[in-house]
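Participant: generate coordinates for the sequence data below:
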Amino acid sequence: MNCFKRILPASILALFLSCAGDFKEITDEERQALASSSSDIGMSSSDSGSSSSEEQSSSSEEQSSSSEEQSSSSASEEASSSSVEPGISSSEQVSSASIEQSSSSEELSSSSASEEASSSSVEVSSGDSGSSSSEEQSSSSAEQSSSSSSDESVYLCDGEEYDPNMENCEGIKVVICKNGVYAANYFCYNGFGYEKCDGKTYDAEAQFCLGNGIKNKCGGKKYDAGQFCSGNGIIFGSCGGPSNFYNTESQLCDSRDNTIYPFVKIGDQTWMAENLNYATAGSKCVEASGASGTLIDNGGRCGTYGRLYNWATAMNLEQSCNSTHCATSQAKYRGVCPDGWHFPSNDEWTTLQNYVEEQEVSCSNCAGTKLKAASGWNGNGNGTDDFGFSALPGGYGADNNTFGGIGGNGRWWSSTQSNNNSSYLRHMNDNNNHANSFTNYKVNLFSVRCLLD
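Facilitator: From the prediction side, this is the model:
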């Protein structure tokens, strides 16, 4: 009985007291003794709880040792409890057995609490592990992201793998050479790719390949077959014969009839500096003398003013287009102009006019004066020819084969139609400074200037 007093709390003892029908009535002295023992045991239990917390904070080896000691102590107490002292009645034995069961329940409860504490410790550890796992997953994700950012695609060129950062595919694999490319027949010079000349490399800065031969550049410029370099670095060409040379930097050769025309750059445009004199069916010349007269097919003053063309002839279209609207959807319509040149639209004429007038603040509607030749106009009608356009008064022709206005009027067709019967033109004369846009009947004949593509 003294053993039970040592280990049972007051709550268990009260339980025993409440079960009067199952247990022997105890005396007041025993009740007081039990209450006193319970108080002592409560204090001991509190101390034990504190000690248990400290033990849980210690290492796992100490916990294991403590568990063995508790097991040994429990076993000793159970043995002691099961050995009933002589002189104790059967009721006391029953009470003792009940006390042992309660003690066992308390031990189980204590064991459960210990397991919960252990479980809590494990959960904390698991939380740390989860954090570590999260960091590992984050690290893994970063590695995957880094891996996916690198291009692992395979690029093939005609079945052969190549690196698009270092090579290019032009049907065959070629290696990028900075701003150019080179393959088997190319070489790299100062970061640019150049085609070899008959299998040979050369100084691409000072030389170039012409046919199968290496030539020195002319004033830093290449030239074509049939051209040659003068001693002062100007490239000359032959226009239809060894004695018909022209300066390629300021003249063009119309290979259709071997006629040489000067040209001039005005703003962003390059214009012929003479009227076109290409003899095509329907074009006419003015007679050798007189301000008016009869149009002729050849000769006369075509060498001075060029030829006159009706609109359909100038556009190189059927003559029916002089009386109907014909489709001219091309942005740059060649018409009767030489290869590489085109028949200017009304907008392109306007661009020329605007540029000329914008170069002088006090110039308003003065493009005629700036564009007209410095001689060849009647009276005071000459211009200043500030831009080398050299507009001359070639007059106009009518569909009845007559002409007029020589010396006083200059009119130039545009490719832009205004209606079925009319198209736009530019008009200059000897009594004002204008270069205005007008419309006129397509059947009439006017001069033509060509514009570089």
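
Participant: any weak-confidence spans in the stretch 251-400 of the chain?
Facilitator: The stretch 251-400 of the chain contains residues with pLDDT under 70 at 329.

Participant: again, only using 80
Facilitator: 328-331, 362 (pLDDT under 80).

Participant: could I get the full set of strands for it?
Facilitator: In the stretch 251-400 of the chain, the segments counted as strands under DSSP state E, counting those that start in this stretch are 251-254, 259-266, 269-272, 293-294, 341-342, 396-397.

Participant: ranking those strands by burial, who's on top?
Facilitator: Using mean count of other C-beta atoms under 10 Å, the stretch among the strands of the stretch 251-400 of the chain with the largest mean neighbour count is strand 396-397, at a mean of 25. Placement of C-beta: from N, CA and C, glycine included.

Participant: just checking, what packs against that strand?
Facilitator: Contacts defined by 3 or more C-beta pairs under 8 Å, 6 or more residues apart in numbering; DSSP states H and E place strand 396-397 against strand 402-404.

Participant: list the strands paired with the strand it packs on, with their directions.
Facilitator: Here strand 402-404 has these sheet partners by DSSP bridges: strand 293-294 (antiparallel), strand 396-397 (antiparallel).

Participant: output those in TSV; the columns should cover distance to Gln227.
Facilitator: Formatted as TSV, the strands paired with strand 402-404 follow (distance: least, C-beta to C-beta, whole Å):
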stretch	distance to Gln227
strand 293-294	41
strand 396-397	37
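
Participant: for Arg256, which of those strands is the nearest?
Facilitator: strand 396-397 (22.2 Å; C-beta to C-beta).

Participant: excluding its backbone neighbours, what's nearest Thr402?
Facilitator: Spatial nearest neighbour of Thr402, excluding adjacent residues (C-beta to C-beta, 6 or more residues apart in numbering): Thr294 at 6.0 Å.

Participant: thinking again about what came up before, closest one to Ala331 among the strands paired with strand 402-404?
Facilitator: Short answer: strand 396-397, nearest of the strands paired with strand 402-404 by C-beta to C-beta, at 27.9 Å.

Participant: and the helices in this structure?
Facilitator: All helices of the chain, identified by DSSP state H, fall at 2-7, 10-18, 28-57, 60-82, 90-149, 302-305, 311-314, 346-358, 367-371.

Participant: about what we covered before: contacts only, for the residue nearest to Thr402.
Facilitator: Thr294 makes contact with 287, 401-403, according to C-beta atoms under 8 Å, 6 or more residues apart in numbering.

Participant: and it, how close does it get to Asn401?
Facilitator: 6 Å (C-beta to C-beta, to the nearest Å).

Participant: if we can go back for a sec, now, of the contacts of Thr294, which are buried?
Facilitator: Phe403 (16 or more other C-beta atoms under 10 Å).

Participant: many thanks, I have nothing further to ask.
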